[in-house]
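Peer 1: Give me coordinates for this.
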Amino acid sequence: MQMPVIDMQGIWSQYREVVIHKDLSFQVQPGEVVSLVGGSGSGKTTLLREILGLLRPTRGSVRLFGTDLHDPDPIRQRDIRRRLGMLFQQGALFSALSVYDNIAFPLRELRFLDEDWIRELVLLKLAMVELEPKHAALMPAELSGGMIKRVALARALALEPELLLLDEPTAGLDPVRSQNFVQLIKELQRAIGFTVVLVTHDIDTIYGLGSDVAVLAEQRILIQGSLDQVVALDHPVIHQFFENHRNRSAA
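Peer 2: I've put the predicted structure just below:
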């Protein structure tokens, strides 16, 4: 049996008296695509930050690639973080840097690649997200919403991560651009084989990616499985989430 890419056990997350997660467990296997869904305030963003290591749970263990995310050894910490990429909801591009320099940023942080190699890699990542070399000179303020997402994805893929984390990847995109972006992620995942965990409220994104679903409710992962398995669960949170989609589609 393969080692999980993400293995969270006994997670408690608490802010003063407010308990966000209570004895939560969450596993993701290599090559899986998992959509993390839940209502507002259910703790999706907190969980994502704990996977990234930006937050530390009050109790419990977080292991990525079989290694404790909070291992005190700085070399192991660095090695873990090089194996994951993150696409933030609004792209989070550096506004003062060009497209080229945004994508080059994590490559330059390695400190062992010369500029010729970095240029080759930047152009390769641009091509992977279906952007042209001429776009490298643009500033973030000159980009459309769809292009911002693609540049942010190129930067997230710069170090060829084994785990890609996405926070509301289609938020702010119109239906056509949203569909195109989902298709791009799907094709890249199939070609490269990285593991994907995304936070989303958009059922169309879940359907488009063909992902499994993990539902965060009642301070824990209520159910994790295929879309059919999740929809079959008789629970108010499931009913509300999917009924809202059906109502929207029928309108």
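Peer 1: mind listing the helices for the stretch 151-251 of the chain?
Peer 2: For the stretch 151-251 of the chain, applying DSSP state H, counting those that start in this stretch gives helices covering 175-192, 203-209, 227-231, 236-250.
Peer 1: which helices and strands does the helix or strand that contains N102 pack with?
Peer 2: Here N102 is covered by helix 99-109, with elements defined by DSSP states H and E. Judged by 3 or more C-beta pairs under 8 Å, 6 or more residues apart in numbering; DSSP states H and E, helix 99-109 is in contact with helix 115-128, helix 145-156. For the C-beta atoms, the positions are set from N, CA and C on the backbone; glycine is no exception.
Peer 1: Deepest-packed of the helices of the stretch 151-251 of the chain, please.
Peer 2: Among these, the stretch with the highest mean neighbour count (mean count of other C-beta atoms under 10 Å) is helix 203-209, at a mean of 19.
Peer 1: tell me how far that helix is from the chain's mean position?
Peer 2: Put simply, helix 203-209 sits 14 Å off its chain's centre (C-alpha atoms, centre = their mean, to the nearest Å).
Peer 1: just stretch 233-244 next, same as before
Peer 2: Counting by C-alpha atoms, centre = their mean, stretch 233-244 comes out at 24 Å from the chain centroid.
Peer 1: Also stretch 88-107?
Peer 2: The answer for stretch 88-107 is 16 Å, by C-alpha atoms, centre = their mean.
Peer 1: what comes up buried for it?
Peer 2: Using 16 or more other C-beta atoms under 10 Å as the test for burial, stretch 88-107 gives 89, 91-93, 98-107.
Peer 1: Return the helix holding N102 as CSV; C-alpha atoms alone will do.
Peer 2: Extracted C-alpha coordinates of helix 99-109, given in CSV (Å, rounded to 0.1, in the frame of the first residue of the first chain):
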residue,chain,number,x,y,z
VAL,A,99,4.9,37.7,-15.2
TYR,A,100,8.4,36.4,-15.9
ASP,A,101,9.7,37.4,-12.5
ASN,A,102,6.7,36.0,-10.7
ILE,A,103,7.3,32.6,-12.2
ALA,A,104,11.0,32.8,-11.8
PHE,A,105,10.7,33.8,-8.1
PRO,A,106,10.6,30.2,-6.6
LEU,A,107,13.3,29.1,-9.0
ARG,A,108,15.6,31.9,-8.0
GLU,A,109,15.0,31.0,-4.3
